[in-house]
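Peer 1: generate coordinates for the sequence data below:
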Amino acid sequence: MCMNLGDKLKDWKNRLKDRHMFSLVIGSFIVILALLGYIIKIRNDNKQNLENTYNHAFYELASYIDNINNLLSKAQISKDPSHGAKTMSEIWRQSNLAKTNLSELPIEQDVIAQTSKFLSQTSDFSYSIAMQTIDQIPVSDEQLKNIKSLSDYAEKLQGSISALSNELNSGKLYWNEIAKKGTATFKQLSNEGGDNSFTEISKNFQDYPGLIYDGPFSEHITDIKPVGITGNEIDSNKAIEIAKKFVEKNVSETSIYESAEANIPSFDINLTLDNDDIISVSVSKTGGHVLYMLYNKQTEGSNITIEQAKQKASDFLVKKGYENMYSTYYMNENNVATINFAYHQGDVTIYPDLIKVQVAMDTGDIVGFEAQGYHFSHKTRDIPTPKVSQTQAKSSLNPNLNIINSGMAIIPTDVKTEVLVYEFKGQVAGKEFIVYINAETGKEEDILIVLNTPNGVLTI
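Peer 2: Take a look at the predicted model:
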C-alpha cells in the first residue's frame, strides 16, 4: 500500500514537471511567434514607408515632366522677350526639380543616364535662353528648332512615365519590381523608341486644368473687396425667401446658417424638397445676392446635347437677371455639364466676371450655379482706347501660329489688377493655343494651351 502511494506521488511529480515543461515550451513558442510577428510588421512598415517615398518621388517627377512639356510647347510660339524669359526660367526650375526626383527612384543610374542628360540639357539650355531674352536678344530659328526637339523628347518621356503610373495605380507594379520593368521602359525611351501606345496623359500627374481663368481668378478674388456686392443688409427670413424664389421648387423644410468669416458674409441655406432632395443655396448678407446653388440630384444618362445644355444655362441666366453673359468653355462629367460664362461689355470679353452653371444632361434641369467671381468683380468698366492696333498686335505673334479667330478681352493679372488684351486663338503643329497681347504695350501677357477632351474644352 505504501509503495503504491509512493509510486503515485512520484508519478504525480513527474507529470507536474512535464506540464511545467510543456507550459514553458508553449510560452516560449508564443513569445517567438510574437517576436516574429513584430519583426515582420516592422519589416512591412519599413517596406511600405520606402514604397511611399518612391511613390512620392515618382509622382513629383511625373508632374514636373508634364509641366516641362507644356511650357516647352508654349515657348515655341512666344515672341515677347519678357514673357519668354519667364517661361524659360520656369522650365529651368522644373527641370532641376525633375532631375532631383528622378535620382531618388530605385533605377540604376546608367539606365536613366539619357533621361538625366535630357533634363540637364533642358535646364542649361532654358537658363541660357532666359538670360538671352532678358537682354532683349530674340530667339533664333536654330534655337527654336532645339526647343522643338526638347519638346518632342519631353512628350515621349511623359508617355513612358504615364504607362508606369497606370501600372502603379492598378496594383500591377510595385517598386520592388520597378527596377526590372522601369529599367526596360527607360531603356526603350533612351534609345528613342517611345511606345506610341503610351501617349495618353495620366490624370494622376496632370496640372488639373481649370476652365479658363477659373483657377487663377479663384486665387485672385480671395484678397480683394467684392465690388459687385451692393445693396442693404438682409435678415435670415429674407435670405430664405430669396433662396426659395431662386430654385423655384416646392420646399417642405428649411435650415439656415451664417458664414460671417467668408470672403463674402452670407446665409447658407438648405432647402428640403417634397421628395426629400436637398438644395443648398448661399445668399449674401449685403444685397441678398445668390452666390451659389447646388442640387445634388441623381442624373441618369444623357438625353440632351451640349449645345442644348448651353442654351438652357444661358436662358437660366437671363431669367435670373444676368444679361450679356456668353459661354466660353465647358466640362461634361457624370452626365452633368458645367458651363462657364463670361460677361461681355460691348465687344470685350470680361473674363473676371465669371459665372458657372451646371445642367443635368438627362432632364436639362439646372443643378448648379456659382457666381462668386462675378460678384467679386462685376462693374461697368471704363475700357480704354487701345494704344496698339490689332494689326500691330498680330504682327508680334509667332508666324507659325495659324490664327483661327481673335477679339478683345479683359483678363486678371497675378498682381490682382486687370489688363486689356487682344485675344488670338490659333494652331501650331496640331496644338491649339490662345495668345494674349497687351493692348497698351504690345507685350505678351499670357499663353494658354487649349485641350479638346472627350469631356469638354479646357485650358492650361
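Peer 1: roughly how far apart are residue 240 and residue 273?
Peer 2: 14 Å (C-beta to C-beta, to the nearest Å). The C-beta positions use only the backbone N, C-alpha and C, and glycine is treated the same way.
Peer 1: what helix or strand is residue 432 located in?
Peer 2: Per DSSP states H and E: residue 432 is located in strand 431-438.
Peer 1: can you give me the mean pLDDT across the helix or strand just after that strand?
Peer 2: Using DSSP H and E, the next helix or strand after strand 431-438 towards the C-terminus is strand 444-453. Strand 444-453 comes out with an average pLDDT of 87.
Peer 1: go on, stretch 393-411?
Peer 2: For stretch 393-411, mean pLDDT is 94.
Peer 1: same check, this time on stretch 361-378
Peer 2: Stretch 361-378 shows a mean pLDDT of 92.
Peer 1: picking that back up, give me the more crowded residue out of residue 240 and residue 273.
Peer 2: Neighbours per residue, other C-beta atoms under 10 Å: of residue 240 and residue 273, the larger number sits with residue 240, 19 against 16.
Peer 1: using the record's assignment, carve this structure into domains.
Peer 2: Domain assignment for the chain, taken from automatic domain parsing, gives 46-207, 219-377, 390-459.
Peer 1: start to end distance for the last one?
Peer 2: Criterion C-alpha to C-alpha, to the nearest Å; first-to-last residue distance in domain 390-459 is 23 Å.
Peer 1: return the distance of it from the chain's centre.
Peer 2: Centre-to-centre, domain 390-459 and its host chain are 21 Å apart (C-alpha atoms, centre = their mean, to the nearest Å).
Peer 1: could you do the longest one as well?
Peer 2: Taking C-alpha atoms, centre = their mean, one finds the center of domain 46-207 at 18 Å from the center of the full chain.
Peer 1: and the helices in this structure?
Peer 2: 2-75, 81-103, 113-134, 141-169, 175-190, 214-220, 236-247, 306-319, 372-377, 390-395 (DSSP state H).
Peer 1: weakest of these in terms of mean pLDDT?
Peer 2: Among these, helix 214-220 scores lowest, with a mean of 40.
Peer 1: give the buried residues for stretch 152-171.
Peer 2: Buried positions in stretch 152-171, judged by neighbour count with 16 or more other C-beta atoms under 10 Å: 153-168.
Peer 1: tell me the pLDDT at the nearest residue to residue 265 once chain neighbours are set aside?
Peer 2: Setting aside the residues directly before and after it, residue 265 is nearest to residue 285 in space (C-beta to C-beta, 6 or more residues apart in numbering), at 4.6 Å. pLDDT recorded at residue 285 is 94.
Peer 1: the one 4 residues further on too?
Peer 2: Looking at residue 289, its pLDDT reads 96.
Peer 1: now the closest residue in space to it that isn't next to it in sequence: how far from residue 145?
Peer 2: Excluding the flanking residues, the one nearest residue 289 by C-beta to C-beta, 6+ apart is residue 375, at 5.5 Å. Between residue 375 and residue 145 the distance, using C-beta to C-beta, works out to 48 Å.
Peer 1: when those two are compared, which one has more neighbours?
Peer 2: residue 375 (22 against 11).
Peer 1: my guess is that one meets residue 231, correct?
Peer 2: No. Here residue 375 does not reach residue 231: they are 11.1 Å apart, not a contact under C-beta atoms under 8 Å.
Peer 1: find residues that contact each of those two.
Peer 2: Common contacts of residue 375 and residue 231 (C-beta atoms under 8 Å, 6 or more residues apart in numbering): residue 289.
Peer 1: quick check, pLDDT for residue 196.
Peer 2: Residue 196 is assigned a pLDDT of 32 by the prediction.
Peer 1: contacting residues around the residue nearest to residue 289?
Peer 2: So residue 375 contacts 226, 228, 229, 264, 284, 289, 291 (C-beta under 8 Å, 6+ apart).
Peer 1: my read: the last one touches residue 280, true?
Peer 2: No. Between residue 291 and residue 280 there is no contact, the gap being 10.8 Å when judged by C-beta under 8 Å.
Peer 1: which of those two has more neighbours?
Peer 2: Of the pair residue 291 and residue 280, residue 291 is the one with more neighbours under other C-beta under 10 Å, namely 25 against 15.
Peer 1: report the separation between the more buried one and residue 259.
Peer 2: In terms of C-beta to C-beta, residue 291 sits 10 Å off from residue 259.
Peer 1: which neighbours do the two have in common?
Peer 2: With C-beta under 8 Å, 6+ apart as the test, residue 291 and residue 259 both reach 266, 282.
Peer 1: how about stretch 337-350: buried residues?
Peer 2: Buried residues in stretch 337-350, counted by 16+ other C-beta under 10 Å: 337, 338, 339, 340, 341, 342, 343, 344, 348, 349, 350.
Peer 1: how about the residues you listed, which pair is most distant?
Peer 2: Taking C-beta to C-beta as the measure, the buried residues of stretch 337-350 span a maximum distance of 26.1 Å, between 337 and 348.
Peer 1: what's in contact with stretch 445-460?
Peer 2: 70, 73-74, 77-78, 83, 87, 207, 209-212, 329-333, 338, 411, 413, 419, 421, 425, 431-438.
Peer 1: in it, what counts as buried?
Peer 2: By 16+ other C-beta under 10 Å, the buried positions in stretch 445-460 come out as 445, 446, 447, 448, 449, 450, 451, 456, 457, 458, 459, 460.
Peer 1: follow-up on the earlier one: now for the strand holding residue 432, which elements pack on it?
Peer 2: If you count contacts as 3 or more C-beta pairs under 8 Å, 6 or more residues apart in numbering; DSSP states H and E, strand 431-438 packs onto strand 402-412, strand 418-428, strand 444-453.
Peer 1: restricting to C-alpha, output the second one in PDB.
Peer 2: It stands for strand 418-428. Taking Å, rounded to 0.1, in the frame of the first residue of the first chain, the C-alpha atoms of strand 418-428 are listed here in PDB:
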ATOM      1  CA  GLU A 418      -6.900  93.800 -64.800                       C
ATOM      2  CA  VAL A 419      -5.500  94.400 -68.300                       C
ATOM      3  CA  LEU A 420      -7.000  95.000 -71.700                       C
ATOM      4  CA  VAL A 421      -5.700  92.500 -74.300                       C
ATOM      5  CA  TYR A 422      -6.100  91.200 -77.800                       C
ATOM      6  CA  GLU A 423      -7.100  87.500 -77.700                       C
ATOM      7  CA  PHE A 424      -5.700  85.400 -80.600                       C
ATOM      8  CA  LYS A 425      -6.800  81.800 -80.900                       C
ATOM      9  CA  GLY A 426      -4.700  79.600 -83.300                       C
ATOM     10  CA  GLN A 427      -2.900  76.400 -84.000                       C
ATOM     11  CA  VAL A 428       0.700  75.300 -84.300                       C
END
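Peer 1: tilt between it and strand 402-412?
Peer 2: Here the directions of strand 418-428 and strand 402-412 differ by 160 degrees (axes from the mean of the first three to the mean of the last three C-alpha atoms, to 10 degrees).
Peer 1: what angle sits between strand 418-428 and strand 431-438?
Peer 2: Interaxial angle, strand 418-428 versus strand 431-438 (the same axes, to 10 degrees): 150 degrees.
Peer 1: what of the first one?
Peer 2: Using the same axes, to 10 degrees, the direction of strand 402-412 lies 50 degrees away from that of strand 431-438.
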